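J.: Provided below for reference: sequence and predicted model.
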Amino acid sequence: MSLKADRASLAFSFKGGMLPMTVMELTSADPERIREQLAGKLSQSPAFFQHTPVVLSVERLEEPHLALERICAVCRAHKLLPVAVRGGTDPVKQSAWALGLGWFPPQEVRGRSLESVPASEAEVADVPVAPVDSPTAESPRPMGRIYRGTVRSGQQVSAQEGDLVVIGAVNAGAEVLAAGSVHVYGALRGRALAGIHGNAAAGIYCRELHAELLSVAGNYKRLEDIDPRLLGAAVEVHLSDDQLAIAALD
């Protein structure tokens, strides 16, 4: 049997990927308190609660046994879809599996995601890009990434270390990610995620803002949450008091 025939008979294949995922960090295990806060959030931002997948982080909870099933039911009642749990004791892990959820170890011991397949040498070059936090003399400078050209719909470009610089546009349906900051020297119409490993000092910079989603260290805004006066403008995006702040560049 030929290799081509073998591939044709496959029903699926596994591929490493990095998808934008909202983490719901629980500081209370009381389902009623969670319900009340979700109801308030729903009234403020109904567009967010449209079957959004979330990871429930229980790393800040001390309860060895929590009503995970009730918490998941509260989330689903508000159109959030729990897909996994992060952290917790072994009983929490077992409860997650019993409910058909995935489980991730605490963030500080979790391994890095698989790297994206690199693009061709004609489009991408690995170069030292100055990170947001200046390293000490003893620290090696993280290798950033420069991507030349348009990032097309359905395409993902990432920099697992340092900053990502896109010399071109990011089309709708495309995704750019970086451990450090994301710089787009063109129109940003797709999704941009900076500080993907938790670097809260990272930022997003673009020449023309039309982004579907902006995220810095897990905090994000969708297009409908962005001030319409900033659309089409050159902007910078950074964290301020754990909230995403967007400001026009002069």
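T.: Alright, I've got the coordinates.
J.: which stretches of this protein have low pLDDT?
T.: 1-8, 14-20, 45, 47-48, 63-65, 108-142 (pLDDT under 70).
J.: On the C-terminal side of the helix ranked longest in it, identify the next helix or strand.
T.: If you go by DSSP state H, the chain has its longest helix at helix 31-44. Heading C-terminal from helix 31-44, the first helix or strand you meet, by DSSP states H and E, is strand 52-57.
J.: Tell me which residues are up against that following strand.
T.: Strand 52-57 is contacted from outside by 21-26, 68, 71-72, 75, 79-87, 101, 104, 107, using Cβ atoms under 8 Å, 6 or more residues apart in numbering. For glycine as for every other residue, the C-beta is placed from the backbone atoms N, C-alpha and C.
J.: That strand pairs with which strands?
T.: strand 22-25 (parallel), strand 80-86 (parallel) (DSSP bridges).
J.: For the ones you listed, please prepare CSV with the additional fields distance to G218 and mean neighbour count.
T.: Below are the strands paired with strand 52-57 laid out as CSV (distance: least, Cβ to Cβ, whole Å; neighbours: other Cβ atoms under 10 Å):
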stretch, distance to G218, mean neighbour count
strand 22-25, 5, 16
strand 80-86, 11, 19
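J.: out of the ones you listed, nearest to V235?
T.: For V235, the closest of those is strand 22-25, at 22.0 Å, according to Cβ to Cβ.
J.: Distance check, Y220 against L213.
T.: Distance of Y220 to L213, computed by Cβ to Cβ, to the nearest Å: 6 Å.
J.: related to what we said a few turns ago, select, out of the strands paired with strand 52-57, the one closest to R189.
T.: Taking Cβ to Cβ as the criterion, R189 comes closest to strand 22-25 out of the strands paired with strand 52-57, the separation being 20.9 Å.
J.: Do a quick rundown of the helices in the chain.
T.: If DSSP H is used as the criterion, the helices of the chain fall at 3-8, 31-44, 68-77, 90-98.
J.: Pull the distance from the last one to the chain's centre.
T.: The reference is to helix 90-98. Centroid displacement of helix 90-98 relative to its chain, using Cα atoms, centre = their mean, to the nearest Å, is 25 Å.
J.: With the longest one instead?
T.: For helix 31-44, the separation from the chain centroid amounts to 23 Å (computed by Cα atoms, centre = their mean).
J.: domains in this protein, as residue ranges please.
T.: 22-109, 124-248 (automatic domain parsing).
J.: which ones are touching V184?
T.: Residues in contact with V184 (Cβ under 8 Å, 6+ apart) are V166, G168, A169, V170, V176, A192, I204, Y205, C206, R207.
J.: repeat that for 6 Å
T.: The contact partners of V184, by Cβ atoms under 6 Å, 6 or more residues apart in numbering, come to V166, V170, C206.
J.: Select from these every entry located in strands.
T.: Using DSSP state E, V166, C206 are the members of the contacts of V184 that sit in strands.
J.: any chance of the contacts of V184 in CSV, plus neighbour count and distance to F12?
T.: Shown next, in CSV, are these (neighbours: other Cβ atoms under 10 Å; distance: Cβ to Cβ, whole Å):
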residue, neighbour count, distance to F12
V166, 25, 31
V170, 30, 29
C206, 27, 36
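J.: Using a markdown table, lay out the contacts of V184 together with distance to A234.
T.: Shown next, in a markdown table, are the contacts of V184 (distance: Cβ to Cβ, whole Å):
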| residue | distance to A234 |
| --- | --- |
| V166 | 14 |
| V170 | 14 |
| C206 | 7 |
